[in-house]
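Asker: here's my sequence, what's the structure:
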Amino acid sequence: MKKFVFIAILFLLQADIYAVTVETTANLKVYYPDFSRIDLVCGQMPKMAQKDVEFCCEAAFTGELLTEFRHSNIADNHICNGEMKKGYRCKANTGGFVWGNGKWKFMRKADYPTTARGWNMGFCQLLIIKNGTVRPIGTKMKNNRNIYRALCEKNDKLCIVESRKVMTYEFFVKCLSAYKVTHALYLDMGRGWNYAWYRNEMGQVKEVFPMSKSAPSYRFRTNWITFYK
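Answerer: Numbers count the residues shown, from 1 in each chain. Below you'll find the predicted structure:
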């Protein structure tokens, strides 16, 4: 009887824990958050003490290295907690992402909403893949070598896909295509900006690129896509 009660309690505890499932391939590391809502947090990164946060990482580009936070320093207009905020115009951005009422949408920048229109969050970025088709890759960017990250949809699930090693941007896009994502939107990276954290299946916090916290650029970050329980 005691064993049965223990198992029942354990099941109830686990049922209340949302977790990030991690999947790896030869070239990619993929994070699947089990979430109930998403927001674009601006100004200050969510703290690990916030137990309802599942995953957070940089989203839109930051313009200048400013000591004070300004929404106008985030690339293009963005939606935070259901409110549209005005950012600076960024020619590099070719797409966008929005979420609200349990639904999300990847889109071309031309289709990005001009008002919140019921969306809870949204931001603009470089559109990599749309409806399974790879978008044109600029000649200046394709040979750039880095560790890359993208917000993706695969099999009707959202995930964050990251390269497991330094590679060219062109090869990263090929890896995303081979992984068969339906949509992919670039996420800001680089030393300082690549720092992220998530909760594993045990509810433990796991940091991604923790060494980046010592980078000079770390304090200039401005916005984070955040998945909540």
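
Asker: against Asn144, how distant is the residue nearest to Lys142 when sequence neighbours are not counted?
Answerer: Counting by C-beta to C-beta, 6 or more residues apart in numbering, Glu170 is the residue found nearest to Lys142 once chain neighbours are left out, at 3.9 Å. For the C-beta atoms, the positions are set from N, CA and C on the backbone; glycine is no exception. Glu170 sits at a distance of 9 Å from Asn144 (criterion: C-beta to C-beta, to the nearest Å).

Asker: still on that earlier bit, how many residues are close by the residue nearest to Lys142?
Answerer: Applying other C-beta atoms under 10 Å, we find 15 residues neighbouring Glu170.

Asker: tell me what the host helix or strand of it is packed against?
Answerer: Glu170 belongs to helix 169-178 when elements are defined using DSSP states H and E. Counting contacts by 3 or more C-beta pairs under 8 Å, 6 or more residues apart in numbering; DSSP states H and E, helix 169-178 packs against strand 127-130, strand 149-154, strand 157-163.

Asker: what's the longest one in contact with?
Answerer: It stands for strand 157-163. Here strand 157-163 makes contact (C-beta atoms under 8 Å, 6 or more residues apart in numbering) with 27-33, 35, 38, 55, 57, 104, 146-153, 172, 175-176, 179, 181, 184, 187, 208.

Asker: now the shortest one
Answerer: Residues external to strand 127-130 that are found in contact with it (C-beta under 8 Å, 6+ apart): 94-96, 106-109, 134-135, 150, 152, 173, 176-177, 181-186.

Asker: same question, the second one
Answerer: Outside of strand 149-154, the residues that reach it under the criterion C-beta under 8 Å, 6+ apart are 57, 59, 97, 104, 106, 125, 128-129, 158-163, 172, 176, 179-187, 189, 194, 225.

Asker: give me that answer again for 6 Å
Answerer: Applying C-beta atoms under 6 Å, 6 or more residues apart in numbering, the contact partners of strand 149-154 are 128, 159-162, 181-187, 189.

Asker: in JSON lines: the residues you listed, plus distance to Ala116.
Answerer: Below are those laid out as JSON lines (distance: C-beta to C-beta, whole Å):
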{"residue": "Ile128", "distance to Ala116": "25"}
{"residue": "Cys159", "distance to Ala116": "25"}
{"residue": "Ile160", "distance to Ala116": "23"}
{"residue": "Val161", "distance to Ala116": "27"}
{"residue": "Glu162", "distance to Ala116": "29"}
{"residue": "Val181", "distance to Ala116": "27"}
{"residue": "Thr182", "distance to Ala116": "25"}
{"residue": "His183", "distance to Ala116": "21"}
{"residue": "Ala184", "distance to Ala116": "24"}
{"residue": "Leu185", "distance to Ala116": "19"}
{"residue": "Tyr186", "distance to Ala116": "23"}
{"residue": "Leu187", "distance to Ala116": "21"}
{"residue": "Met189", "distance to Ala116": "27"}
